[in-house]
Every structure is written in structure tokens, then in C-alpha cells.
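Visitor: I would like to see how this sequence folds:
(one chain, ligands or ions: 1)
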Amino acid sequence: KRLLLVNGPNLNLLGTREPGVYGQKTLADIEHEVETTLKENGWEFDAFQSNHEGDLIDAIHESRHESTGIIFNPGAYTHTSIALRDAIASIDVPVIEVHISNVHKRESFRHTSLISPVTWGQIVGMGTIGYTLAAQAFIDHFREENE
Ligand code: DQA
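Guide: A predicted model of the protein is given here:
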């Protein structure tokens, strides 16, 4: 089994970007945590971050034959990108959408996700541990399926 962790725009600056909202951990810290959790459970791991919508779409397409699941924080594209939503709808790989902050408590333009309707589930507002929780959800789900 193989998991792809995808982070969208501005998430490369985690750790220094609005730490009061997004926490102190860097993206490298988060990727390492998720990787550790997955490897302990026999999963393979890939990570990708881009600030460019088309590159995120390409990464999602390219994972369609390789990945068992995708953890995706689309950043601000969450609220704007029909193209990313269509990319997810175009593949059979289940996606968990993660937001570090509680978008529902923030500006009204963050209350709508164009992505959510085509995902398996969402983890919102739990901070950066949300990525690891998403990895655990995949591990649990695919363990049960194989029993
Ligand atoms: C975010 C929430 C988005 O509204 C914002 O544009 C981000 C990060 C989060 O993880 O809380 O870039 O996806």
C-alpha cells in the first residue's frame, strides 16, 4: 500500500507562515511524522508540494495507478479550484482533505470547499496532527478491508 501526501500553495512555508494559525512545525516535520506512522504499518510514502494548480493536478493524475490513498491539503485552492475537484473526481483513489486550521471559524470565503464533495472525508481544525490522523484513518480502513 502506498500513500501520497499532497500540499498546495503556501504550505511550503509552514513553521514560519502565520504560526498562530498553522503552528510551529515545518512541512518537512509533518512529512516525517506521516512517513513514520505509515512505515510502522508497512505502507510506502510519497510527498509532494506545489504552489501551482496545474502541478497539483498532474501529481493527482500520476498517482492514480500507484497510490492507495491521498492526503490532500489544497490550501486556498480548496475554495476556488473546480479543476482540482475534477482531478479528484477523475481518479478512483480515495482522498482525505486536511485543513490545519478550523476554516469554519475563519473568514466566510474559507467556509466553502469545492473539494469536499469528491473526498472520502475531511479532518479540519486539529492542527498539524490532522495529517497523521488522516494517515491512521487510511491504515485502519485498508487493514479492515483485508481481514
Ligand atoms: C488551509 C486553510 C485555507 O483556507 C488556507 O488558504 C490555507 C491553509 C489550512 O490548512 O488550514 O492555505 O488549507
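
Visitor: and the helix ranked longest in the chain, anywhere near the ligand?
Guide: Looking across the chain with DSSP state H, the single longest helix is helix 129-146. No: on the criterion Cβ under 6 Å from any ligand atom, helix 129-146 is out of touch with the ligand, staying 8.0 Å away. Placement of C-beta: from N, CA and C, glycine included.

Visitor: pick out the residue nearest the middle of this structure.
Guide: Closest to where the C-alpha atoms of the chain average out (Cα atoms, centre = their mean) is residue 72, at 1.9 Å.

Visitor: around the ligand, pick out the residues from this protein.
Guide: By Cβ under 6 Å from any ligand atom, the part of the chain that sits against the ligand consists of 10, 73, 75, 76, 78, 99, 100, 101, 103, 110.

Visitor: buried subset of these as a ChimeraX selection?
Guide: With 16 or more other Cβ atoms under 10 Å as the criterion, this ChimeraX line picks the buried residues out of the residues of the chain next to the ligand:
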select :73,75,78,99,100,101,103,110
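
Visitor: can you pick out the most distant pair from the residues of the chain next to the ligand?
Guide: Of all pairs drawn from those, the widest gap by Cβ to Cβ lies between 10 and 103 and measures 14.2 Å.

Visitor: check which helix or strand covers residue 55.
Guide: The secondary structure element spanning residue 55 is helix 53-62 (assigned by DSSP states H and E).

Visitor: tell me what angle the helix or strand following that helix forms with helix 53-62.
Guide: Next helix or strand after helix 53-62 toward the C-terminus (DSSP H and E): strand 69-73. Interaxial angle, strand 69-73 versus helix 53-62 (axes from the mean of the first three to the mean of the last three Cα atoms, to 10 degrees): 170 degrees.

Visitor: next secondary structure after strand 69-73?
Guide: With DSSP H and E setting the assignment, the helix or strand that follows strand 69-73 is helix 82-89.
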